[in-house]
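One predicted model, sequence on top.
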Amino acid sequence: MKNYLTLKIQEVRRKKRKLFCVFLTLGYPSIAATERLILSSEQAGVDIIELGFPFSDPLADGPTIQYSSEQAIKKNVTIKDALALVRRLRQKGSKIPILFFGYFNPVFSYGGKDFARDARDSGMDGLIIPDLPPEEEVAFQKICRKQKLHRVQLVAPTTKDARAKMLVGKSQEFIYYVSLKGVTGAQKAMPADLKAHLSKLKRMTAKPVLAGFGISTPEQARAISQMSDGVIVGSAVIEHLKRGVPVAERFILKMSRAIHGS
């Protein structure tokens, strides 16, 4: 089975393009809406989808994504729903890379080995699990590697250089740079030291470095994409989604055009 994340990274390197990654909460406002948004995002030029799995006790998610998770949890969204959604998308011909973004408790409850197998069989390309430190995931990492399910690591502004180098080395395909201290949420202004942090990280690796957390306007996205290899947008998408799927779709298209220079 093709890994679309690997293919996408190869494509953007060849074309010297920036990457645009969109975070969506599975099941908010409905599973059907999530499916529509992934398909329309692909048409709008989005490069990667982070499929956020709703969880009751998040560590990194701010009020906006917590709200979307709470609404999805009320509808009893499960990991099996996530797998079925990705399988349907692949059957429809979607080739956009899809990363499962979630906390380890649901994965552990499902069974790490079973989850990695079923996730890859469904057509998922990778995982981002913010509460699973590399030191504690040796066995799970081996399972994921066997399934060719890529693990993406996060680096924060407070991460020491030695640890950042370790995380960069372990991260597969790209590095997720958390652009601000604290939890997710749209910001009016980005940190003044963002460029310096990104430059330091880019000197550590040839892998693409994507900036996420707080990016909320096309102007911010355009500016930050010039400092990095791409951007990740989540809370701002969810905020627009509160006003309806078409509103969110128009916002995603504007962000895509800003990042890709069209």
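Nice, thanks for sending it over. All of these numbers come straight from a predicted model, not from anything done at the bench. Numbering: from 1, shown residues only.

which one's the longest helix in the protein?
helix 245-260 (DSSP state H).

quick one: buried residues of that helix?
Under the neighbour-count criterion of 16 or more other Cβ atoms under 10 Å, helix 245-260 has 245, 248-249, 251-253, 255-260 buried. Bear in mind the C-beta positions are built from the backbone N, C-alpha and C, glycine included.

Reformat the residues you listed as JSON lines; add distance to G169 and pLDDT.
Compiled in JSON lines, those are given as follows (distance: Cβ to Cβ, whole Å; pLDDT from 0 to 100):
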{"residue": "V245", "distance to G169": "39", "pLDDT": "98"}
{"residue": "A248", "distance to G169": "36", "pLDDT": "98"}
{"residue": "E249", "distance to G169": "37", "pLDDT": "98"}
{"residue": "F251", "distance to G169": "35", "pLDDT": "98"}
{"residue": "I252", "distance to G169": "32", "pLDDT": "98"}
{"residue": "L253", "distance to G169": "36", "pLDDT": "98"}
{"residue": "M255", "distance to G169": "30", "pLDDT": "98"}
{"residue": "S256", "distance to G169": "31", "pLDDT": "98"}
{"residue": "R257", "distance to G169": "34", "pLDDT": "97"}
{"residue": "A258", "distance to G169": "31", "pLDDT": "97"}
{"residue": "I259", "distance to G169": "27", "pLDDT": "97"}
{"residue": "H260", "distance to G169": "29", "pLDDT": "96"}
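
can you tell me which of these lies nearest to L24?
A248 (8.8 Å; Cβ to Cβ).

so that closest one touches G234, yeah?
No. Using Cβ atoms under 8 Å, A248 is not in contact with G234; the gap is 11.6 Å.

how close does the residue nearest the centre of the chain get to P97?
Taking Cα atoms, centre = their mean, the centroid of the chain lies closest to E50, which sits 3.3 Å from it. According to Cβ to Cβ, to the nearest Å, E50 and P97 sit 10 Å apart.

Also D229?
With Cβ to Cβ as the criterion, D229 and P97 are 15 Å apart.

related to what we said a few turns ago, what is the residue nearest to the centre of the chain paired to in the beta sheet?
F23, L99 (DSSP bridges).

from what I can see it touches C21, true?
Yes. Here E50 reaches C21: they are 6.0 Å apart, a contact under Cβ under 8 Å.

right, and the helix or strand after the host helix or strand of I73?
I73 is part of helix 63-74 when elements are defined by DSSP states H and E. Where DSSP H and E defines the elements, the next helix or strand beyond helix 63-74 is helix 79-91.

now the helices for the stretch 1-150 of the chain?
Remark: helices assigned in the stretch 1-150 of the chain by DSSP state H, counting those that start in this stretch are 4-15, 31-43, 63-74, 79-91, 104-110, 112-122, 138-147.

For the shortest one, the averaged confidence score.
Average pLDDT, helix 104-110: 95.

What residues of that helix count as buried?
104, 106-107, 110.

With stretch 38-47 instead?
38, 40-42, 44-47.

do the same with stretch 27-34
In stretch 27-34, counting by 16+ other Cβ under 10 Å, buried: 27-29, 31, 33-34.

any chance of these in a markdown table, with distance to M124 too?
Compiled in a markdown table, the buried residues of stretch 27-34 are given as follows (distance: Cβ to Cβ, whole Å):
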| residue | distance to M124 |
| --- | --- |
| G27 | 16 |
| Y28 | 19 |
| P29 | 22 |
| I31 | 16 |
| A33 | 19 |
| T34 | 14 |
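
which element follows the host helix or strand of I224 toward the C-terminus?
Assigned by DSSP H and E, I224 belongs to helix 218-227. Counting by DSSP H and E, the next helix or strand C-terminal to helix 218-227 is strand 230-233.

That next one pairs with which strands, parallel or anti?
strand 19-25 (parallel), strand 209-212 (parallel).

Using JSON lines, lay out the ones you listed together with mean neighbour count, distance to P58 and mean pLDDT.
Shown next, in JSON lines, are these (neighbours: other Cβ atoms under 10 Å; distance: least, Cβ to Cβ, whole Å; pLDDT from 0 to 100):
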{"stretch": "strand 19-25", "mean neighbour count": "26", "distance to P58": "11", "mean pLDDT": "98"}
{"stretch": "strand 209-212", "mean neighbour count": "26", "distance to P58": "15", "mean pLDDT": "95"}
